[in-house]
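# one predicted model, sequence on top.
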2 protein chains.
Amino acid sequence: MTYCVGLKLNAGLVLLSDTRTNAGLDNISSYRKMFFFSEPGERIIAVMTAGSLSVTQTTLARLQEAIESPEADESNSILLAPTMLRVADIIGNTLALTRAEITHRSRDLRQSQASASLIVSGQRKDGDMRMFLIYPEGNHIEATDDTPYLQIGEHKYGKPILDRVVTPATGLEDAKKAVLLSMDSTLRSNLSVGMPLDLAVIEKDALQVTEQRRILEADPQFTQMSQAWSNALRESFVNVKI
Amino acid sequence: MTYCVGLKLNAGLVLLSDTRTNAGLDNISSYRKMFFFSEPGERIIAVMTAGSLSVTQTTLARLQEAIESPEADESNSILLAPTMLRVADIIGNTLALTRAEITHRSRDLRQSQASASLIVSGQRKDGDMRMFLIYPEGNHIEATDDTPYLQIGEHKYGKPILDRVVTPATGLEDAKKAVLLSMDSTLRSNLSVGMPLDLAVIEKDALQVTEQRRILEADPQFTQMSQAWSNALRESFVNVKI
């Protein structure tokens, strides 16, 4: 399983992903699920992945191939596409095509086994920041001011905290705290979501990753925050009256 | 959808269920999902239901019929069964049989559409309090000191708070608060779980329902608790440092 969450705020994009991949409970590995495509000062695109590793790796490899191809143009390279919407379309088409090919080649795979979803976000020069959730079928939805966050994978445990504290006006420091606490709830409840974590911030109009951090298993700062949050929740519980 | 949660504590059983039933988003009704079978002073059995209303209503009707039948005996009446384990077996068998009959009769129904699960809890005179989660197939698991709560239906949103505050030693007042806050998180995140709520407490060795309350939509006490919890969470969020 996986948990990835992205916030699209007035101040920038805040992204967090776990790294656990499993093929059954007895075959657990660690794989990065957050990827960047960039031309610093021109455009930055971040992709987070959930679902079949075979599908997401192939999808990302193809996006990279298309960028490096001599035939790269506006219609197939996400670094040349004129808008973020077009970037989302290219990624959605590549994902859907990859899934179709894999299930066609391996007929024993059910559609649901070769499923994957992505969060694509970024900004191009002179454009707005945008964030899309791309479904396994290739279509997408976009984060808005009403719902300034998107989640893929095991999203339920970590949703209540986001609903309570995140608005488009949330500052970047609070936003990092919100996604880390959202992940903390998920880690506690679902063993198949696991450390290390990848955290990234892309400030508005920076057109590059402005902060990137890998949080390891025993990270003292994360552990302390997790503990402080537990204590605060228990204290709140004691103080609330019924 | 549905959310039901039961706690098995040293001091007693605490049960909470919602009442929303829907056949599609445009066909929403309110149905009780908490039922009692009792012989005061001798035994008390509580059943909470999730899943297909057609399956759960028929299952409960059959349990009642078996109790009232002239052939009622230890093997088929949950009011005569010698142990709570045997009660869980009878209810599990009745559920599995009901499902099998309904899917046999209505061949267009997929197994998954005629699915239901139950939380069965209670105590008989001279026996221990016990609580079982009965799966659609009729088998069951039991609440233990390690995991003193069971949930059916939309269980994920409300699990983090239970994991953090509930132990077998939790008192009944705190337990009521815990299940109500667990429900509060679920109500906020899933529209298909809805008020009114049914709350019940069965104190240890009382062998009857010791407290029972229906909480309506605008219940001032529940609204106030929900608001206080929201405020406390926001305050905790501000105070935790990353």
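Alright, I've got the coordinates. Residues are numbered from 1 along each chain as shown, chains lettered A, B, ... in the order given.

# ok, A:M48 - contacts?
For A:M48, the contacting residues are A:C4, A:G6, A:L15, A:S17, A:K33, A:M34, A:F35, A:L118, A:I119, A:I152, by CB atoms under 8 Å, 6 or more residues apart in numbering or on different chains. Where you see a C-beta, it was placed from the backbone N, CA and C, and this is true even at glycine.

# among those, name the ones in strands.
A:C4, A:G6, A:L15, A:S17, A:M34, A:F35, A:L118, A:I119, A:I152 (DSSP state E).

# which ones are touching the fourth one?
The contact partners of A:S17, taken as CB under 8 Å, 6+ apart, are A:T2, A:Y3, A:C4, A:V5, A:R32, A:K33, A:M34, A:M48, A:T49, A:L197, A:D198.

# likewise for the fifth one?
A:M34 is in contact with A:C4, A:L15, A:S17, A:A46, A:V47, A:M48, A:T49, A:D198, A:A200, counting by CB under 8 Å, 6+ apart.

# a markdown table for the residues you listed, including distance to B:P82 and pLDDT?
Shown next, in a markdown table, are those (distance: CB to CB, whole Å; pLDDT from 0 to 100):
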| residue | distance to B:P82 | pLDDT |
| --- | --- | --- |
| A:C4 | 52 | 98 |
| A:L15 | 58 | 98 |
| A:S17 | 53 | 97 |
| A:A46 | 62 | 98 |
| A:V47 | 60 | 98 |
| A:M48 | 55 | 98 |
| A:T49 | 55 | 97 |
| A:D198 | 57 | 97 |
| A:A200 | 61 | 98 |
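
# widest-spaced pair of those residues?
A:T49 and A:A200 (13.9 Å; CB to CB).

# what about these two, which has more around it?
Neighbour count, other CB atoms under 10 Å in any protein chain shown: between A:T49 and A:A200, A:T49 has more, with 29 against 22.

# hang on, the earlier thing: could you dump the contacts of A:M34 to a markdown table with distance to A:A96?
Conversion of the contacts of A:M34 to a markdown table gives the following (distance: CB to CB, whole Å):
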| residue | distance to A:A96 |
| --- | --- |
| A:C4 | 19 |
| A:L15 | 23 |
| A:S17 | 22 |
| A:A46 | 20 |
| A:V47 | 15 |
| A:M48 | 18 |
| A:T49 | 15 |
| A:D198 | 25 |
| A:A200 | 26 |
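
# name the nearest residue to A:L216, ignoring sequence neighbours.
What sits nearest to A:L216 in space, not counting adjacent residues and going by CB to CB, 6 or more residues apart in numbering or on different chains, is A:P196, at 4.9 Å.

# burial count for that neighbour?
18.

# could you list the low-pLDDT ranges of chain A?
For chain A, applying pLDDT under 70 flags the ranges A:25.

# quick one: the strands in it?
A:3-9, A:12-17, A:20-22, A:28-30, A:34-39, A:43-51, A:116-124, A:130-134, A:140-142, A:149-153, A:197-203, A:211-215.

# how about CSV for the ones you listed, with distance to B:L162 added?
Formatted as CSV, the strands of chain A follow (distance: least, CB to CB, whole Å):
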stretch, distance to B:L162
strand A:3-9, 20
strand A:12-17, 24
strand A:20-22, 23
strand A:28-30, 26
strand A:34-39, 31
strand A:43-51, 26
strand A:116-124, 29
strand A:130-134, 29
strand A:140-142, 31
strand A:149-153, 22
strand A:197-203, 24
strand A:211-215, 26
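
# right, and the ones you listed - which one's nearest B:R164?
Evaluated over the strands of chain A, closeness to B:R164 peaks at strand A:3-9, with 18.5 Å, by CB to CB.

# can you list the strands that the closest one pairs with?
Strand A:3-9 has these partner strands in its sheet, going by DSSP bridges: strand A:12-17 (antiparallel), strand A:149-153 (antiparallel).

# once you drop chain neighbours, what's closest to the residue nearest the centre of chain A?
The residue lying closest to the centre of chain A (CA atoms, centre = their mean) is A:M48, at 3.5 Å. Leaving aside its sequence neighbours, A:M48 sits nearest to A:C4 (CB to CB, 6+ apart; 4.0 Å).

# and what of A:K156?
Spatially, and ignoring its direct neighbours in sequence, A:K156 is nearest to B:K156 (3.7 Å; CB to CB, 6+ apart).

# next up, the contacts around the one you found.
In this structure, B:K156 makes contact with A:K156, A:Y157, A:S189, judged by CB under 8 Å, 6+ apart.

# would you reformat these as CSV and include distance to B:P220?
Below are the contacts of B:K156 laid out as CSV (distance: CB to CB, whole Å):
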residue, distance to B:P220
A:K156, 29
A:Y157, 30
A:S189, 32
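
# which one of those residues is nearest to B:H104?
Closest to B:H104, out of all of the contacts of B:K156 and judged by CB to CB, is A:K156, at 34.1 Å.

# how much space between the closest one and A:N190?
Counting by CB to CB, to the nearest Å, the gap from A:K156 to A:N190 is 9 Å.

# over to A:L79?
35 Å.

# quick one on the thing from earlier: what's the most distant pair in the contacts of A:M48?
A:F35 and A:I152 (13.7 Å).

# please identify which of these two sits among more neighbours.
It is A:I152, of A:F35 and A:I152, that has more neighbours when counted by other CB under 10 Å, with 23 against 17.

# hey, what's the closest residue to the more buried one other than its chain neighbours bridged with?
Nearest residue to A:I152 in three dimensions, chain neighbours excluded: A:A50, at 4.0 Å (CB to CB, 6+ apart). On the basis of DSSP bridges, A:A50 is bridged to A:S117.

# show me the contacts for A:I242.
Residues in contact with A:I242 (CB under 8 Å, 6+ apart) are B:E173, B:K176, B:K177, B:L180, B:Q221, B:M225.

# out of those, who's nearest B:F132?
Comparing those against B:F132 with CB to CB places B:K176 closest, at 21.4 Å.

# so who does that closest one touch?
A:I242, B:V14, B:L199, B:V201.

# ok, now with 6 Å
Contact analysis of B:K176 by CB atoms under 6 Å, 6 or more residues apart in numbering or on different chains lists B:V14.

# state the distance from the closest residue to A:T210 other than its chain neighbours to chain B.
Among residues not flanking A:T210 along the chain, A:E203 sits closest, at 4.4 Å (CB to CB, 6+ apart). With the distance defined as CB to the nearest CB, to the nearest Å, A:E203 ends up 17 Å from chain B.

# right, I'll leave it there.
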